[in-house]
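K.L.:
From the sequence below, what's the structure:
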Amino acid sequence: MKKSDLYQQLKKIVVITIVLCVHGLFCAYGEPIDITKIGLPEGAVARLGKGGIEDISISPNGKQLAVGTQIGVWLYDARTGDTISFLDAHETSVRSVAFSPDGFTLASGGGLGIDKSIRLWDTRTGEQKILSSGQAADVGALAFSPDGLLLVSGEGGGSGQVNLWNVITGKRKHRLLGNYQQVLEVAFSPDSRTVAVASLDATLRMWDVETGQIKHECVGHTAYVATVAFSPDSSVIASGGNDGTIRLWDVETGEHKKTFQGGSELISTVKFNPDGDFLICGYDYGKEIQFWNVSTGDVEKVIRVPDKAITELLFSPDKKTLIGMHCVGNIHFWDLATGTIKFSIMNYARNAYSIAYSTDGKTLASTSGTGITLWDIGTRTHKMALTHNRTGAETIAALAFSPDNRTIVSGDGDGKIDLWDSTTHEHIQTLKGHTDGIRSVAFSSDGKWFASAGDDHTIRIWDAESGEQIHVLEEEKGRVFSVVFSPDNLTLASGGYNGVVRFWDVATGEQKMTIPKTGNGLSIAYSPNGVLLATTGKSVKLWHVQTGEEVLNLDYNAKFMEEGIQLIDGQKPAIVMDVMRDFHLNMMHGPESLTFSPDGSLVAVVRGNGLINLWEIETQTLKKSYSGHKWLTESIAFAPDGKTFASGSIDGSILIWEVPE
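P.N.:
I've put the predicted structure just below:
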């Protein structure tokens, strides 16, 4: 976010109206839109993925579903699942969304970055109003009062602050005191008299809306309260906790009424059905939705779900559909009468820690939690998801295609390596050896070997055909972040936590040479001709692999300082300020990932602040800079033809960038 004078004023002015022209914003239903082209940053030609999912809200007329993600807000036709539009709502991620009771306003709360504002969007005109921009932590939860005049917000950080806003004046009506831990959910009673909060402690709290005074602190859960819901008549409130119980409380007195034992899993969401006679429950690790009879305490209906980790459930206004959001990235619409899925909205992937092109350039693979997503580059559509059911699997952090494109190897956070058939999409086998998370995997160019590096201080070389472990190479000083084979496959280079690059003989496993203190070891890359090795650190350095001597230092900070000095003499002050701001940002955020172009003429570098720099090696000049991800950029890869490159982010999106002539 630019720290401009305007931004500073936004912190002081409570309500400022801004009209944005966003492609397709709240557009009429018509021709399908190309979701890969909406809201692209400069230099990008496509976006794959819709961002990690955070929250959902259905409009009161049941026509629209808003989905808050780590890249913005997607709007869907809630009756068909068709995409209506994309709202680039915040400069960083969107943590929460809520429709007003009349459907004319959509509220969005920011977070996972510096934009923690609350924004109100007029669904008829597209006009945006910043309700508040001064939150100390993420806006993790939002809810409108039933009359639409008030909005309650809960902070998702350590402060646990809860605020009540007057939507008309833009002023804070009350700061609701008494909660001091992360807010997980907020709710208004249907009669608009009470606000309730679930937070990261074991207490349910309720406040009087008129006075702002706390009414009740309901104690009984033995672990944190994750979710709350009022009955339609406002007389009862239900709370679901990490202890696996649902507890019912009297709203007027705060007294405990009854407890339902849901199971051992975390209860992530509870909702009363519109008639108030059933309470539905979703579990963070379970694969079913339970319908509890409020009077008897019995489970009278169960809907089996295809994905675990249900984090939100909503009823459609016509009472015919149940909408479930899963943190794995899918939204399902169930027919309440039959319990069957009517349609689904899929592929809200998270954490593109690693990406890799197939050697024919037709497929891009990206990590997505404990699975892998395959993208068709020709159509820029989701192709397939590779998943396994291994117990204890953690986030996949590294992957690579074999040279013949038949196999994908992935490294897991639990130290396991998985091999996948990229043609049949079947899981081939799991290889064990590492005792801690894997950071990097790489194939030799002839496809005979692949290497893995991990937090257990080892590099391992494997036979790609049999899966047999050939060598275990010990890193002396700590974790190993990166491995890469030389183009002739005789040498394996590794980058470690201590910044030392080691060169290993692939045949014998013996150490051949070291380059001490090259940088941070996060990423290394051989040039296609095998002469140079690039490393990350405070700057990008290129080394001669035979002598170990430094050949080039592509110091972006120094280049920017030179440009800044030149601009001060002849350019406008605003341009100078932009240059100096970017210079200081780059002083704080060094290179973290890099790769050579297929012809070896360029090096693409991802810096810690998400900026991507494209360096021309022969002239040692910065060819172009790119930015546009909403959260940390973790991975980068050139397409085999060298005309484009892709970047993957923790925000769950992959951007395809055009390489300038």
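
K.L.:
make it CA atoms for all contacts and neighbour counts henceforth
P.N.:
Fine.

K.L.:
Look at residue 337 and say how many residues are nearby.
P.N.:
10 (other Cα atoms under 10 Å).

K.L.:
Shouldn't it be within a strand?
P.N.:
No - going by DSSP: H, G, I helix; E, B strand; the rest coil, the assignment for residue 337 is coil, not a strand.

K.L.:
so residue 70 sits right up against residue 630, yeah?
P.N.:
Yes - applying Cα atoms under 8 Å, one finds residue 70 in contact with residue 630, separated by 6.9 Å.

K.L.:
list residues touching both of these two?
P.N.:
Jointly contacting residue 70 and residue 630 under the rule Cα atoms under 8 Å, 6 or more residues apart in numbering are 92, 93, 651.

K.L.:
how about low-confidence regions in the chain?
P.N.:
Within the chain, the stretches with pLDDT under 70 are 1-32, 391-392, 555-590.

K.L.:
more neighbours, residue 70 and residue 630?
P.N.:
Neighbours per residue (other Cα under 10 Å) separate residue 70 from residue 630, with residue 70 holding more: 28 against 23.

K.L.:
helix or strand for residue 76, which one?
P.N.:
strand 73-77 (DSSP states H and E).

K.L.:
Dump whichever helix or strand comes after that strand to PDB, restricted to CA.
P.N.:
Using DSSP H and E, the helix or strand that follows strand 73-77 towards the C-terminus is strand 83-87. Coordinates of each C-alpha in strand 83-87 appear next as PDB, following Å, rounded to 0.1, in the frame of the first residue of the first chain:
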ATOM      1  CA  THR A  83     -19.600 -16.500 -11.900                       C
ATOM      2  CA  ILE A  84     -21.000 -13.000 -12.000                       C
ATOM      3  CA  SER A  85     -18.000 -10.800 -11.200                       C
ATOM      4  CA  PHE A  86     -14.800 -10.300  -9.200                       C
ATOM      5  CA  LEU A  87     -14.300  -7.500  -6.800                       C
END
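
K.L.:
List the pairing partners of strand 83-87 within its sheet, with orientation.
P.N.:
With DSSP bridges as the test, strand 83-87 is paired with strand 73-77 (antiparallel).

K.L.:
what residues does the partner strand touch?
P.N.:
Residues contacting strand 73-77 (Cα under 8 Å, 6+ apart): 26, 63-68, 82-89, 94.

K.L.:
ok, and the most crowded of those?
P.N.:
residue 94 (35 neighbours).

K.L.:
In the strand holding residue 76, which residues are buried?
P.N.:
For strand 73-77, burial by neighbour count (16 or more other Cα atoms under 10 Å) applies to 73, 74, 75, 76, 77.

K.L.:
and of the residues you listed, the nearest to residue 180?
P.N.:
Residue 180 has its nearest neighbour among the buried residues of strand 73-77 in residue 73, at 28.6 Å by Cα to Cα.

K.L.:
contacting residues for residue 218?
P.N.:
Contact partners of residue 218, counting by Cα under 8 Å, 6+ apart, are 203, 204, 205, 249, 254, 255, 256.

K.L.:
what about the last one, neighbour count?
P.N.:
Using other Cα under 10 Å, the number of residues around residue 256 comes to 17.

K.L.:
before we move on, what about the second one?
P.N.:
Neighbour count of residue 204, defined by other Cα under 10 Å: 29.

K.L.:
now it: how far from residue 276?
P.N.:
Distance, residue 204 to residue 276, using Cα to Cα, to the nearest Å: 20 Å.

K.L.:
With the fourth one instead?
P.N.:
Spatial separation of residue 249 from residue 276 under the definition Cα to Cα is 14 Å.

K.L.:
the more surrounded of those two?
P.N.:
Between residue 249 and residue 276, residue 249 has the larger neighbour count (other Cα under 10 Å), namely 20 against 16.

K.L.:
Can you list the residue ranges for strands in the stretch 51-200 of the chain?
P.N.:
According to DSSP state E, counting those that start in this stretch, the stretch 51-200 of the chain carries its strands in the segments 53-58, 64-69, 73-77, 83-87, 93-99, 105-111, 118-122, 127-132, 139-144, 150-155, 162-166, 172-175, 183-188, 194-199.
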